[in-house]
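Undergrad: sequence and predicted structure are below.
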Amino acid sequence: MLGVCYYPEHWPEELWASDAARMHALGLRMVRIGEFAWSRMEPDPGRYDFLWLDRAIDVLGAAGLKVVMCTPTATPPKWLIDQHPEILPVDPATGRTRGFGSRRHTDFSSQAWLAAARNITEVLAKRYGENPHVVGWQTDNELCCHDTTLSASPAARDGFRAWLAEQYGTISALNAAWGNVFWSMEYRSFDEIELPVGAVTETSPAHRMAWFRSSSAAVVAFHDEAVAILRAHAPGRFITHNFIPMHETGIDNHALAAPLDFASYDNYPLGRADLALAAMTAEQFRPWMRTGHPDFQAVLFDQTRGLTGRPFWVMEQQPGPVNWASHNPRPAPGMVRLWSWEAFAHGAAVVSFFRWRQAPFAQEQMHAGLLRPDSTEAEAWPEIAQLAAELGDITLPETTQAPVAMIVDVEAQWLCAIERQGAGYDYTALLWSWYGALRQLGLDVDFVAPGADLSGYKLVLAPCLAMPTPAAVEALRDTDALVVIGPRSGAKTRDVTIPDGLAPGPLKALLPIRVLSVETLRPDCPGVLAYDGADYVSTRWRESIDPGEAAVIGQYEDGAPALVRHGRVHYLAALTDDALLSALFSDLCAEAGIAVTPVTGALRLRRRGALTFAFNYGAAPVPAPAPDGAAFLLGGPAIGAHDLAIWTHG
């Protein structure tokens with residue numbers, strides 16, 4: 001189905017009925033409301049006004065629309081901040097208290113904040129939990145966007161100390177685990193420990209890793225409580241949360257998603273591409289300026305689906321220029337439809353557009369909607385009408401397991417932020433480069449957490465498992481798949497120390513090798529990695545390894561081992577280029593019996609059940625890589641610019 005984000009509190013009530021009728025006529029069926037309306041719901045402490053919201057829900061429901069209600073905890077009102085200023089977080093980088101005036105101005109360690117969030121969630125859940133028009137709930141909104149996971153407030157410090165005491169038991173155990181004898185950092189009690197901010201130079205990596213873990217746990221605890229309240233008062237309704245890109249939250253997204261019925265994602269292919277593709281030259285970036293990169297939204301769709309393993313929603317889909325990126329181009333004609341179809345191809349159940357009508361006021365007044373501020377139809381309108389008609393003609397099958405699993409490790413991301421060792425090493429870029437190589441082979445990919453069940457996969461990739469748990473090692477040991485493990489895996493213990501016997505630590509149960517040393521190179525000063533008779537690039541992060549009993553199948557320019565294999569398991573000891581990844585993965589797919597369909601340029605493939613989807617991000621037509629006898633449900637053998645085709649085998 002299709003949906004839209006609507007803000008009845010922004011518009012005169014006499015517009016609501018006509019808005020609802022136009023939504024339904026366009027083919028929209030879901031409407032998300034309420035995530036920023038706390039000041040209208042509770043205008044004064046303890047005084048609630050829900051009559052306007054009752055009427056809005058009734059109007060939407062009467063038009064045949066289903067309502068997704070949100071808890072409004074992303075935007076607490078001014079009176080709450082005045083009443084409890086300790087709710088405000090403290091910026092770890094500057095030490096400045098973040099003030100009221102936008103959103104996410106809360107500290108997850110503040111007991112006053114937690115009590116207020118608990119109260120408004122429970123009041124809302126009791127009032128609308130069994131409303132016949134409310135079919136589900138969204139918790140909060142984009143948790144931890146704007147770098148709000150970490151806070152340097154007194155409450156955060158006290159919460160961190162309590163978490164440490166629970167984790168380590170005694171201060172002597174913490175001192176030993178962290179190596180605090182170094183630089184005379186030993187503590188006499190947990191009450192002496194400060195947050196790892198504001199020091200002269202770098203703070204202990206173990207200290208920072210613990211802070212990241214405890215901050216993530218605080219967000220998860222906040223969210224778990226909200227979900228529990230909704231479960232108690234909204235029986236039979238789904239609960240979801242709208243995630244931003246996984247690498248931007250700073251939290252364990254799998255833990256946050258654990259109590260949800262499914263995960264949702266807010267998709268802004270152009271707004272976020274301006275950040276994700278910032279390292280590209282103008283020549284490299286220009287083809288994607290109005291389309292987004294062919295792999296950028298796909299990797300995030302697959303990661304979102306992987307949070308629960310169930311069909312996901314796109315809760316916010318960009319329909320035009322946004323207001324918050326460094327540059328805000330309009331989408332190329334056809335791209336809003338293409339992005340939406342691509343979400344469905346990757347397992348989406350609903351695509352919901354942000355927003356219904358462009359606001360003529362406040363911070364997001366330059367953000368496009370489906371309507372302009374004067375209620376005339378914006379550029380995306382006919383594409384959404386076409387999309388709705390097409391969805392009515394095509395039955396989407398269930399999403400099936402992909403042949404390839406990729407393990408995403410939040411602790412590897414944290415380690416990258418804490419101890420980079422080289423400016424060229426970036427965990428997210430590493431993850432995306434491996435994913436991009438798979439996509440260019442026309443492969444479907446599932447993302448899984450470390451320790452997840454790997455049954456049924458033929459190829460399992462772990463770009464980095466920085467501090468593998470016993471469960472993660474066991475899952476890799478038990479799978480029948482071919483496995484590729486990337487550099488820096490098993491590099492640290494839980495307390496960010498070098499493991500006994502050297503890296504890859506516990507992964508030596510799978511790979512009897514030792515990492516002897518690490519060098520990091522400038523990206524413009526690469527070395528060579530020779531594999532299967534060809535030379536490829538070896539750059540940025542390179543490990544010297546003792547292969548032990550493993551077979552050497554790739555060497556550096558001096559003949560030293562760079563890629564080894566032991567049984568089913570491979571270890572790639574360096575960052576490398578797309579060409580090497582493509583060659584290696586293609587060889588492993590052939591061995592594993594995975595069919596590949598290599599694609600080039602702007603074309604990408606995705607399968608959903610028996611259907612194959614082909615998406616052309618390019619500005620020129622391309623042939624569809626469909627087999628003879630394929631029956632096209634949408635499009636045909638030639639895929640137009642910024643267009644797609646869907647086929648099934650005849």
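TA: Arrived safely, thanks for sending.
Undergrad: how about the strands in the stretch 1-150 of the chain?
TA: For the stretch 1-150 of the chain, applying DSSP state E, counting those that start in this stretch gives strands covering 2-5, 28-33, 66-70, 134-138.
Undergrad: how about the contacts made by A583?
TA: A583 sits next to Y531, D532, A534, Y536 when contact means Cβ atoms under 8 Å, 6 or more residues apart in numbering. Where you see a C-beta, it was placed from the backbone N, CA and C, and this is true even at glycine.
Undergrad: in which helix or strand does the last one reside?
TA: Same thing as Y536. Taking DSSP states H and E as the criterion, the element that holds Y536 is strand 534-546.
Undergrad: now P397, nearest residue through space, not along the chain?
TA: Nearest residue to P397 in three dimensions, chain neighbours excluded: G609, at 2.8 Å (Cβ to Cβ, 6 or more residues apart in numbering).
Undergrad: how is the residue lying closest to D426 once chain neighbours are set aside assigned, secondary-structure-wise?
TA: Nearest-residue entry for D426: C416, 6.3 Å, with adjacent residues in sequence omitted and distances by Cβ to Cβ, 6+ apart. For C416, the reduced secondary structure class is helix; criterion used: DSSP: H, G, I helix; E, B strand; the rest coil.
Undergrad: how much space separates C416 from L430?
TA: 9 Å (Cβ to Cβ, to the nearest Å).
Undergrad: same deal with V473?
TA: For V473, the distance to L430 equals 20 Å [Cβ to Cβ].
Undergrad: then G334?
TA: In this structure, G334 lies at 32 Å from L430, with Cβ to Cβ as the measure.
Undergrad: repeat that for A573.
TA: Distance of A573 to L430, computed by Cβ to Cβ: 13 Å.
Undergrad: between these two, which has more neighbouring residues?
TA: Each of A573 and L430 had its neighbours counted (other Cβ atoms under 10 Å), and the higher figure belongs to A573 (29 against 21).
Undergrad: pLDDT value on that one, please?
TA: On the pLDDT scale, A573 is placed at 98.
Undergrad: point out where this structure drops to low pLDDT.
TA: Within the chain, the set of residues satisfying pLDDT under 70 comprises 650.
Undergrad: domain assignment for it?
TA: With automatic domain parsing as the criterion, the domains of the chain are listed as 2-146+237-393, 404-592, 607-648.
Undergrad: how about G306, nearest residue that isn't a chain neighbour?
TA: Excluding the flanking residues, the one nearest G306 by Cβ to Cβ, 6+ apart is F447, at 3.3 Å.
Undergrad: could you measure from that neighbour over to R305?
TA: 7 Å.
Undergrad: try D58
TA: In terms of Cβ to Cβ, D58 sits 34 Å off from R305.
Undergrad: ok, A21 next?
TA: Going from A21 to R305 by Cβ to Cβ gives 33 Å.
Undergrad: out of the two, which sits in the more crowded spot?
TA: Neighbours per residue (other Cβ under 10 Å) separate A21 from R305, with R305 holding more: 23 against 15.
Undergrad: in what helix or strand does that one lie?
TA: helix 296-308.
Undergrad: helices or strands next to that helix in the packing?
TA: helix 253-257, strand 264-267, helix 269-276, strand 312-317, helix 335-345, helix 427-439, strand 445-448 (3 or more Cβ pairs under 8 Å, 6 or more residues apart in numbering; DSSP states H and E).
Undergrad: for the third one, packing partners?
TA: Spelled out, that is helix 269-276. Other elements packing on helix 269-276 under the criterion 3+ Cβ pairs under 8 Å, 6+ apart are helix 296-308.
Undergrad: what angle sits between the helix it packs on and helix 269-276?
TA: On the basis of axes from the mean of the first three to the mean of the last three Cα atoms, to 10 degrees, helix 296-308 is oriented at 90 degrees to helix 269-276.
Undergrad: centre of the chain to helix 296-308, how far?
TA: 6 Å (Cα atoms, centre = their mean, to the nearest Å).
Undergrad: what angle do that helix and helix 335-345 make?
TA: Calculated by the same axes, to 10 degrees, helix 296-308 forms an angle of 30 degrees with helix 335-345.
Undergrad: return helix 296-308 as PDB; C-alpha atoms alone will do.
TA: Extracted in PDB, the C-alpha atoms of helix 296-308 (Å, rounded to 0.1, in the frame of the first residue of the first chain):
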ATOM      1  CA  PHE A 296      22.600   3.900  -1.700                       C
ATOM      2  CA  GLN A 297      19.000   3.400  -0.900                       C
ATOM      3  CA  ALA A 298      19.200  -0.300  -1.600                       C
ATOM      4  CA  VAL A 299      21.700  -1.000   1.100                       C
ATOM      5  CA  LEU A 300      19.600   0.900   3.600                       C
ATOM      6  CA  PHE A 301      16.400  -1.000   2.500                       C
ATOM      7  CA  ASP A 302      18.200  -4.300   3.000                       C
ATOM      8  CA  GLN A 303      19.600  -3.200   6.400                       C
ATOM      9  CA  THR A 304      16.100  -2.100   7.500                       C
ATOM     10  CA  ARG A 305      14.500  -5.400   6.500                       C
ATOM     11  CA  GLY A 306      17.400  -7.200   8.300                       C
ATOM     12  CA  LEU A 307      16.600  -5.500  11.600                       C
ATOM     13  CA  THR A 308      13.600  -7.800  12.100                       C
END
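Undergrad: where do the helices of the stretch 1-150 of the chain begin and end?
TA: Shown for the stretch 1-150 of the chain, the helices assigned by DSSP state H, counting those that start in this stretch span residues 16-26, 38-41, 51-62, 78-83, 111-128.
Undergrad: now do the stretch 451-600 of the chain
TA: 470-478, 578-592.
Undergrad: how about those, which one is nearest A645?
TA: If you check each of those against A645 by Cβ to Cβ, helix 578-592 wins as the nearest, at 23.6 Å.
Undergrad: now stretch 426-438 - C-alpha only, PDB.
TA: Extracted in PDB, the C-alpha atoms of stretch 426-438 (Å, rounded to 0.1, in the frame of the first residue of the first chain):
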ATOM      1  CA  ASP A 426      35.900   3.700   7.500                       C
ATOM      2  CA  TYR A 427      33.700   0.800   8.500                       C
ATOM      3  CA  THR A 428      30.500   2.100   6.800                       C
ATOM      4  CA  ALA A 429      32.400   2.600   3.500                       C
ATOM      5  CA  LEU A 430      33.900  -0.900   3.800                       C
ATOM      6  CA  LEU A 431      30.400  -2.400   4.300                       C
ATOM      7  CA  TRP A 432      29.000  -0.500   1.400                       C
ATOM      8  CA  SER A 433      31.900  -1.400  -0.900                       C
ATOM      9  CA  TRP A 434      31.400  -5.100  -0.300                       C
ATOM     10  CA  TYR A 435      27.600  -4.600  -0.800                       C
ATOM     11  CA  GLY A 436      28.200  -2.700  -4.000                       C
ATOM     12  CA  ALA A 437      30.400  -5.500  -5.400                       C
ATOM     13  CA  LEU A 438      27.600  -8.000  -4.800                       C
END
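Undergrad: what does that stretch contact?
TA: Identification of contacts with stretch 426-438 by Cβ under 8 Å, 6+ apart yields 247, 295, 299, 302, 404, 406, 408-409, 412-413, 415-416, 445, 461, 463-464, 486, 575, 578, 581-582, 585.
Undergrad: show me which of those residues are buried.
TA: 247, 295, 299, 302, 404, 406, 408-409, 412-413, 415-416, 445, 461, 463-464, 486, 575, 581-582, 585 (16 or more other Cβ atoms under 10 Å).
Undergrad: highest neighbour count among the contacts of A583?
TA: Each of the contacts of A583 was scored by neighbour count (other Cβ under 10 Å); the top score is that of Y536, with 24 neighbours.
Undergrad: beta partners for that one?
TA: In this entry, Y536 is beta-bridged to L529, by DSSP bridges.
Undergrad: my guess is it meets Q555, correct?
TA: No: at 11.0 Å, Y536 does not count as touching Q555 under the criterion of Cβ atoms under 8 Å.
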